[in-house]
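Q: Using only what follows, build the 3D model:
(one chain, ligands or ions: 1)
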Amino acid sequence: MQSDMYSTFSSEYDLAIQDNIYNAHLERPTLQAMLPQLKNLNVVDLGCGSGVYAQYLLAQGASKVTCIDYAEEMVQLVARKAQQAGVTDRVNAYAQDLAKGLPNESTASADLIIAPLMIHYIENLTPLFTDVYRVLKPGGSFVFSTHHPFADFEYSQSGNYFARELVEQEWDTVGQPIQVKFYRRSLTEIANALTLNGLAITQISEGEVDKKVEQMDKKAYEYLSNNPNFIFIKCRKE
Ligand SMILES: C[S@@+](CC[C@H](N)C(=O)[O-])C[C@H]1O[C@@H](n2cnc3c(N)ncnc32)[C@H](O)[C@@H]1O
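A: Residues are numbered from 1 along each chain as shown. Below is the predicted model of the structure:
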């Protein structure tokens, strides 16, 4: 699902998430804590955005990171950062709609696939998860984060938790309201899309907000310490 947030405002988005509460002090530390040892791993980053995860993966010793995003602007940002860091031989970035799966990736080629905060932009998860299974090496991991189904139920139009619904909102992430559309869905739908495609769930987290946030914004810290905002799921290709 395209949004100006990730195309027209890609540079502003990159800047905003470097040190903000939701990405830098809740989402990234929680997901990163669920990753395996990264040294020498071949990693695929789905919905890579501006490449903050790619930078982390490379710094932790991943041998290669393939970055895929719908937005050409994000892909260009990742390529530019790789060039500036002198790591173009370890980064491959390209634009593609992940709702169509991973047609460019070879079978059993990745040790680890990550998808931070991306799957809620995809209506039908099956084509992507089928390909995640195909592209992972046996024993490889898939780790992703998404909106917590319980938190998103607040935006339901139908009042039916189990219905998948398109939600339209305005977010202030980049300092001005930008329209964003995403899908809310049940935990059952997410779990079934994984397990029916051969991915065994090995860990679930509901996120832990960094203690630093208490100094940044006491109200947000209290809220995020008492309410789930994201869900984090780790799976293994058996
Ligand atoms: C919330 S951002 C997260 C970016 C990055 N993973 C991070 O955590 O910083 C979501 C990203 O998913 C991308 N995206 C949304 N729908 C997509 C799709 N169907 N195919 C590929 N990328 C998509 C957006 O362009 C955006 O860069």
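Q: ok, now which ones touch Tyr22?
A: Asn229 (C-beta atoms under 8 Å, 6 or more residues apart in numbering). The C-beta positions use only the backbone N, C-alpha and C, and glycine is treated the same way.
Q: Would you mind pulling the contact partners of the helix or strand where Ile231 lies?
A: With the criterion set as DSSP states H and E, the secondary-structure element containing Ile231 is strand 230-237. Residues outside strand 230-237 that contact it (C-beta under 8 Å, 6+ apart): 26-27, 30-31, 34, 117, 133, 136-149, 151, 187, 190, 194, 198-207.
Q: repeat that for 7 Å
A: Strand 230-237 has contacts (C-beta atoms under 7 Å, 6 or more residues apart in numbering) with 26-27, 30-31, 34, 133, 136, 138-149, 194, 198-207.
Q: mind listing what it pairs with, with the direction of each?
A: The pairing partners recorded for strand 230-237 under DSSP bridges are strand 136-147 (antiparallel), strand 199-205 (antiparallel).
Q: coming back round to it: now the buried members of the contacts of strand 230-237.
A: If you count burial by 16 or more other C-beta atoms under 10 Å, the buried members of the contacts of strand 230-237 come out as 26-27, 30-31, 34, 133, 136, 140-149, 194, 198-199, 205, 207.
Q: The strand holding Ile231 close to the ligand?
A: No - contact between strand 230-237 and the ligand, assessed by C-beta under 6 Å from any ligand atom, is absent, since the two come no nearer than 10.6 Å.
Q: Now do the helices in the chain.
A: For the chain, helices defined by DSSP state H occupy the ranges 10-16, 21-22, 28-33, 52-59, 72-85, 126-135, 149-152, 187-195, 213-216, 218-226.
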